[in-house]
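Participant: Next input, structure requested:
(2 chains)
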Amino acid sequence: MLYAFLCYNNEDAVFSWSQEEDDAVMARLAKAHEPLEKAGRFGPSVRLMPTTAATTLRKDSDPPLVIDGPYAETKEQLLGFYVIDCADLEDALSVAREFAKANPGGAYEVRPLRLFAPGTLKAENLAEPATAK
Amino acid sequence: MSELAWIDAAMTAARPQAVGALLRYFRDLDLAEEAFQDACLRALRSWPQKGPPRDPAAWLIMVGRNAAIDQVRRRRRQEALPEEDQISDLDDVEAPLAERLDGADYRDDVLRLLFICCHPDLPATQQIALALRIVSGLSVKQIARAFLVGEAAMEQRITRAKAKVAGAGVPFEAPGPVERAERLSAVAAMIYLVFNEGYSAGAAEQDDRSALPIEAMRLARLLLRLFPAEPEIMGLLALMLLQQSRAAARFDAAGDIVLLEDQNRAHWDRRMIVEGLALIDKAIRHRRRGPYQIQAAIAALHARALRPEDTDWAQIDALYAALEQLEPSPVVTLNRAVAVSKVKGPEAALAMVEPLANRLGGYFYFFGLKGALLAQLGRTAEARAAYDQAISLATTPAQAAHIRQHLDRLAADARS
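Facilitator: Purely as a prediction, here's the structure:
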């Protein structure tokens, strides 16, 4: 079974870390990741930019409504996410609008990444064959 | 991260919101600050035992408010103090308060706290000092070091600034849309002052002042979270990120300034650059251009160029032209002249610069650029005279040293 680990913390506090503190945390994490990477169990991992860089596309209306800032409602739950290479925010929003046509309701929060590691996971090695063909 | 470091980071992050709310309750800056201090002391005792609260800002506001009310009561000697445990156990009251933290009240609290530091009667340096003390919670010692003055002098300066702010009357009623926009723009200007106070310092002062740009970016981020649809605040944060991304490349080993085109671009911080670019991207969607957005867009063109020769100077020229239109200033024209010299050559740039002589006669960069343009045109004697004037107007040793390099180069060229 594949598990997603969603990382929550207070961004005020995390973005107050000095470069040294940040580096120290990342170094400790790298050590913790290492055995999983070697075993081919480590999927893509990302660090998101702060919520100030986020834009939200509400797709419960037609046409969808674009709002600055992160997704802030609590009446819906996080059900999945994509990582997509886009030229810029406008491009990302047009991708989101396409997806919204296929799957209206709810919202997409579009947030740029500050770090992306593809990981070592190989679909053919998965214990559970739950990958889309 | 150690427990103490975590608590410290949480308190720093919560401070503007907590002090802002306490100021609204007590309508007295000193009392609000004292209440926050009290809450922090109690947090240091309580958090390690009970674990971090769900919302540190809400906790600090609640405990600070109770502590200050106690103190007022204690002064009146009317009632006994409640037990510490009673105050610290906030599980019930914290939840509704935490919900309200996202509300408009708290947004305006933080804005008010920042805004009172922008009092027009306060000179720029006092605005910065006051904001660093009240909003950021830097110690007087840290601020004194950043301004290269003694601790006692800085203490006095901050006390005077506070008195002036208190005398002016803090605006407590919720601002209307126009007033809110005015406050935002005053606060943005003050935050950029904080940034530049650190950013414009020489290499020797970087140790003491490097905290200032970081703090300014933190404040801008806070402001943007409270006002997420303001393109100029996006532009301000983007501008600071893009400028700060070059921090590691701006000085050489000897502490001399390295010009943009000579900087090692591998030392530019890509993480700050990509965040800056993402924010400009967001801002542009609003189609409401403003000075910070334009300056950020100019910085972005530099950041995007992997080599100096890749810089899109024609676009930079156009952006400066837009900035000139929005905010006419001889300094903007001077900056535009740099772009013009790259696009149309030094002669055209010099023609643009020379009419500024009256207004920029006391400005280091005016003579620095004039000297460089004259040197490019082979008018060596005039170039030397302009450089000499630049040196006499230099405000940091690094500026003077930089011009001396140009003079040395002129002398070397003359010999060869």
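Participant: ok, which residues in chain A are in contact with chain B?
Facilitator: Applying Cβ under 8 Å from any Cβ of the partner chain, we find that chain A lies next to chain B at A:10, A:12-17, A:21, A:24-25, A:49-53, A:55, A:66-69, A:72, A:88-90, A:112, A:114-115. Heads up, the C-betas are built off the backbone N, CA and C, glycines and all.
Participant: Buried ones only from those residues, please, as a PyMOL command.
Facilitator: To isolate the buried ones among the residues of chain A next to chain B in PyMOL, judged by 16 or more other Cβ atoms under 10 Å in any protein chain shown, type:
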select buried, chain A and resi 10+12+13+14+15+16+49+50+51+52+53+55+67+68+69+89+112+114
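Participant: In helices, which of the residues of chain A next to chain B fall?
Facilitator: A:12, A:13, A:14, A:21, A:24, A:25, A:89, A:90 (DSSP state H).
Participant: Just name the closest of those to chain B, please.
Facilitator: residue A:12 (3.2 Å; Cβ to the nearest Cβ).
Participant: right, and the closest one touches residue B:13 too?
Facilitator: Yes. Counting by Cβ atoms under 8 Å, residue A:12 does reach residue B:13; the two are 3.2 Å apart.
Participant: Pick out the residue of the stretch 101-250 of chain B closest to chain A.
Facilitator: With Cβ to the nearest Cβ as the measure, residue B:228 is the residue of the stretch 101-250 of chain B nearest to chain A, at 3.3 Å.
Participant: Skip the chain neighbours and tell me the closest residue to that residue.
Facilitator: Counting by Cβ to Cβ, 6 or more residues apart in numbering or on different chains, residue A:69 is the residue found nearest to residue B:228 once chain neighbours are left out, at 3.3 Å.
Participant: Pull the number of nearby residues for the residue nearest to residue B:279 when sequence neighbours are not counted.
Facilitator: Among residues not flanking residue B:279 along the chain, residue B:238 sits closest, at 3.9 Å (Cβ to Cβ, 6+ apart). By the measure other Cβ atoms under 10 Å in any protein chain shown, the count of residues near residue B:238 is 32.
Participant: could you point out which element follows the helix or strand containing residue B:238?
Facilitator: According to DSSP states H and E, residue B:238 maps onto helix B:231-244. Moving toward the C-terminus from helix B:231-244, the next helix or strand (DSSP H and E) is helix B:270-284.
Participant: and the next element down the chain from that following helix?
Facilitator: Using DSSP H and E, the next helix or strand after helix B:270-284 towards the C-terminus is helix B:291-304.
Participant: in the next helix or strand along the chain from that next one, what's buried?
Facilitator: Under the assignment DSSP H and E, the closest C-terminal helix or strand after helix B:291-304 is helix B:313-326. For helix B:313-326, burial by neighbour count (16+ other Cβ under 10 Å) applies to B:313, B:316, B:317, B:318, B:319, B:320, B:321, B:322, B:323, B:324.
Participant: Please tell me how far the residue nearest to residue B:228 sits from residue A:52.
Facilitator: Distance from residue A:69 to residue A:52, counting by Cβ to Cβ, to the nearest Å: 8 Å.
Participant: tell me, what's touching these two both at once?
Facilitator: Contact criterion Cβ atoms under 8 Å, 6 or more residues apart in numbering or on different chains; residues shared by residue A:69 and residue A:52: B:225, B:228.
Participant: Which neighbouring elements make contact with the strand or helix carrying residue B:381?
Facilitator: Assigned by DSSP H and E, residue B:381 belongs to helix B:380-393. Where contact means 3 or more Cβ pairs under 8 Å, 6 or more residues apart in numbering or on different chains; DSSP states H and E, helix B:380-393 is packed against helix B:364-376, helix B:397-415.
Participant: Deepest in the core, which of those helices is it.
Facilitator: Comparing the helices and strands packed on helix B:380-393 by mean neighbour count (mean count of other Cβ atoms under 10 Å in any protein chain shown), helix B:364-376 ranks first with a mean of 22.
Participant: chain center to that helix, what's the gap?
Facilitator: Mean-position distance between helix B:364-376 and its chain equals 28 Å (Cα atoms, centre = their mean, to the nearest Å).
Participant: quick one: contacts of it?
Facilitator: Residues outside helix B:364-376 that contact it (Cβ under 8 Å, 6+ apart): B:331, B:334, B:337-338, B:341, B:346, B:349-350, B:353-354, B:356-357, B:360, B:380, B:382-384, B:386-387, B:389-390, B:393-395, B:399, B:402-403, B:406, B:410.
Participant: do that again at 7 Å, thanks
Facilitator: Helix B:364-376 has contacts (Cβ atoms under 7 Å, 6 or more residues apart in numbering or on different chains) with B:334, B:337-338, B:341, B:346, B:349-350, B:353, B:356, B:360, B:382-383, B:386-387, B:389-390, B:393-395, B:399, B:403, B:406, B:410.
Participant: and the helix or strand residue B:143 falls within, which residues are buried?
Facilitator: For residue B:143, the host element (DSSP H and E) is helix B:140-146. By neighbour count on 16+ other Cβ under 10 Å, the buried set for helix B:140-146 is B:140, B:142, B:143, B:144, B:145, B:146.
Participant: which residues sit in contact with the last one?
Facilitator: This means residue B:146. Counting by Cβ under 7 Å, 6+ apart, residue B:146 makes contact with B:208, B:209, B:212.
Participant: Go through those residues and flag which are in helices.
Facilitator: Using DSSP H, the contacts of residue B:146 in helices are B:208, B:209, B:212.
Participant: Most neighbours of all those, which one?
Facilitator: residue B:212 (26 neighbours).
Participant: Outside of the strand or helix carrying residue B:36 itself, which residues are in contact with it?
Facilitator: Per DSSP H and E: residue B:36 is located in helix B:29-50. Contact partners of helix B:29-50, identified using Cβ under 7 Å, 6+ apart, comprise B:3, B:7, B:11, B:15, B:18-19, B:22-23, B:26, B:59-60, B:63-65, B:67-68, B:87-88, B:134, B:162, B:165-166.
Participant: Can you list the residue ranges for helices in the stretch 101-250 of chain B?
Facilitator: For the stretch 101-250 of chain B, the helices defined by DSSP state H, counting those that start in this stretch occupy B:104-116, B:124-134, B:140-146, B:151-168, B:177-199, B:206-209, B:211-226, B:231-244.
Participant: Distance to residue B:44 and mean pLDDT added to these, as JSON lines?
Facilitator: Converted to JSON lines, the helices of the stretch 101-250 of chain B look like this (distance: least, Cβ to Cβ, whole Å; pLDDT from 0 to 100):
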{"stretch": "helix B:104-116", "distance to residue B:44": "23", "mean pLDDT": "83"}
{"stretch": "helix B:124-134", "distance to residue B:44": "21", "mean pLDDT": "89"}
{"stretch": "helix B:140-146", "distance to residue B:44": "20", "mean pLDDT": "86"}
{"stretch": "helix B:151-168", "distance to residue B:44": "24", "mean pLDDT": "89"}
{"stretch": "helix B:177-199", "distance to residue B:44": "27", "mean pLDDT": "88"}
{"stretch": "helix B:206-209", "distance to residue B:44": "27", "mean pLDDT": "72"}
{"stretch": "helix B:211-226", "distance to residue B:44": "22", "mean pLDDT": "89"}
{"stretch": "helix B:231-244", "distance to residue B:44": "31", "mean pLDDT": "97"}
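Participant: where does chain A have low pLDDT?
Facilitator: Scanning chain A for pLDDT under 70 picks out A:128-133.
Participant: Check the stretch 1-150 of chain B too.
Facilitator: Residues of the stretch 1-150 of chain B meeting the criterion pLDDT under 70: B:1-2, B:77-104.
Participant: Chain A contacts on that one?
Facilitator: Within reach of chain A by Cβ under 7 Å from any Cβ of the partner chain, the stretch 1-150 of chain B has these residues: B:1, B:9, B:10, B:12, B:13.
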